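Visitor: Structure here, sequence nowhere to be found:
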């Protein structure tokens with residue numbers, strides 16, 4: 001079963017932040033040389049909840065696909081690219097996932113292999129990725145303050161971050177929820193988020209988009225000084 005890792009790294013101090021920014025270019029060769037790595041991406045992030053046009057130069061992320069969970073955990077632990085990131089970071093955490101649903105394309109390909117999932121996974125992780133059409137950039141970013149305010153009020157949201165491949169144009173959101181019901185309530189019944197989705201669909205704001213849901217397999221490390229999954233009953237150890 002394919003496993004997906006998303007590793008998050010926090011950097012304090014000007015020198016470590018300069019190093020992390022440079023890795024958006026220089027870490028690519030190290031990543032592509034890791035045995036058994038599949039589709040991978042590096043991300044910068046936004047400030048606040050991350051869904052903002054203002055970059056956060058203190059947080060970066062790396063996503064990769066692997067043949068299975070055992071391989072994923074071994075490579076993230078042992079590979080030089082990830083060891084270098086952790087050596088310079090003040091905090092790091094990695095979540096391991098398996099896809100239970102995926103629709104759309106990422107760089108004209110389908111990166112995630114979907115496995116059967118019955119019953120619905122608890123907790124559930126969600127990733128969205130989109131390339132925003134240039135003529136809609138101002139409209140897109142004009143919707144984010146209302147959505148960010150709504151996100152803060154979600155009791156069943158355990159982790160949320162906004163990431164970008166190309167600043168302002170290629171955007172990714174990743175979140176972990178207690179259960180599918182809480183996620184669906186926000187996605188489709190929240191007025192600000194629901195209205196934003198309708199505007200995007202009706203106006204064809206995106207050139208390319210992908211939406212995927214995941215079973216959470218494991219979390220290593222901490223974020224904001226804690227394990228974000230610890231409070232969720234039934235989370236894998």
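Guide: All right, it came through fine. Only a predicted model underlies this, so the values are computations on that prediction, with no experimental measurement involved.
Visitor: Quick one: low-confidence residue ranges for this structure.
Guide: 48-52, 117-119, 133-154, 168, 188-205, 207, 231-237 (pLDDT under 70).
Visitor: by contact count, what packs against the lengthiest helix in it?
Guide: In the chain, taking DSSP state H as the definition, the longest helix is helix 14-32. Applying 3 or more C-beta pairs under 8 Å, 6 or more residues apart in numbering; DSSP states H and E, one finds that helix 14-32 contacts strand 40-46, strand 55-66, helix 80-88. Using the backbone N, CA and C atoms, a C-beta is placed for each residue, glycine as well.
Visitor: Provide the contact partners of that helix at residue level.
Guide: With C-beta atoms under 8 Å, 6 or more residues apart in numbering as the contact definition, helix 14-32 has outside contacts at 9, 11, 37, 40, 42, 44, 57-58, 60, 62, 64, 79-81, 84-85, 88-90.
Visitor: OK, contacts around the spatially most central residue of the chain?
Guide: Nearest to the geometric centre of the chain sits residue 174, at 3.6 Å (C-alpha atoms, centre = their mean). The contact partners of residue 174, by C-beta under 8 Å, 6+ apart, come to 6, 125-127, 159-161, 163.
Visitor: Relative to whichever strand or helix holds it, what are the paired strands and their orientations?
Guide: Counting by DSSP states H and E, the element that carries residue 174 is strand 170-177. Here strand 170-177 has these sheet partners by DSSP bridges: strand 124-132 (antiparallel), strand 157-166 (antiparallel).
Visitor: Let's have those strands in a markdown table, adding distance to residue 20 and mean neighbour count.
Guide: Listed next are the strands paired with strand 170-177 as a markdown table, based on distance: least, C-beta to C-beta, whole Å; neighbours: other C-beta atoms under 10 Å:
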| stretch | distance to residue 20 | mean neighbour count |
| --- | --- | --- |
| strand 124-132 | 21 | 21 |
| strand 157-166 | 14 | 20 |
